[in-house]
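S.K.: task: produce atomic coordinates for the following.
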Amino acid sequence: MTDESTRLEALTQAPERMEYLDTTDKDFPEIRWTIFGAPTTNEIIVRAQVHGKSFYMAGASPLLYPSMIDRIFDIDIDDHALASSLSNQLWERDGAEMRAILASKGPRN
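M.R.: Next up is the predicted model:
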């Protein structure tokens, strides 16, 4: 695991982290996508998990106010757009490896 992945994993497990979305991939149900907000760093983090392996991508939230922890209406539209972009970048970067994991292990029963 890279230093950046280790950092992002720690942020997604921190007590103050915010979980905005947790869902399976529409084309590959063995892949689970989760969107987190990290109030301490004001980052949006996207995680894809497949057969126990996690892949991360993060970016700074474009919003400074209100602070992430004070956003009472769930994920903001600008943060959602960032998460969508991050998930596309994550898939572009790591999608081949995720598909290879699926091919080698097959679907979970």
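S.K.: low-scoring stretches of the protein, by residue?
M.R.: Confidence mapping of the chain against pLDDT under 70 gives the ranges 72, 106-109.
S.K.: what about the residue lying closest to residue 17 once chain neighbours are set aside, neighbour count?
M.R.: Spatial nearest neighbour of residue 17, excluding adjacent residues (Cβ to Cβ, 6 or more residues apart in numbering): residue 36 at 5.3 Å. (Each C-beta comes from the backbone N, C-alpha and C, glycine too.) Burial measure for residue 36: 24 neighbouring residues, criterion other Cβ atoms under 10 Å.
S.K.: name the nearest residue to residue 25, sequence neighbours excluded.
M.R.: Taking Cβ to Cβ, 6+ apart as the measure, residue 25 lies nearest to residue 31, with 4.0 Å between them; neighbours along the chain are not counted.
S.K.: tell me the buried residues in the host helix or strand of residue 54?
M.R.: Residue 54 is part of strand 53-60 when elements are defined by DSSP states H and E. For strand 53-60, the neighbour count (16 or more other Cβ atoms under 10 Å) marks 55, 56, 57, 58 as buried.
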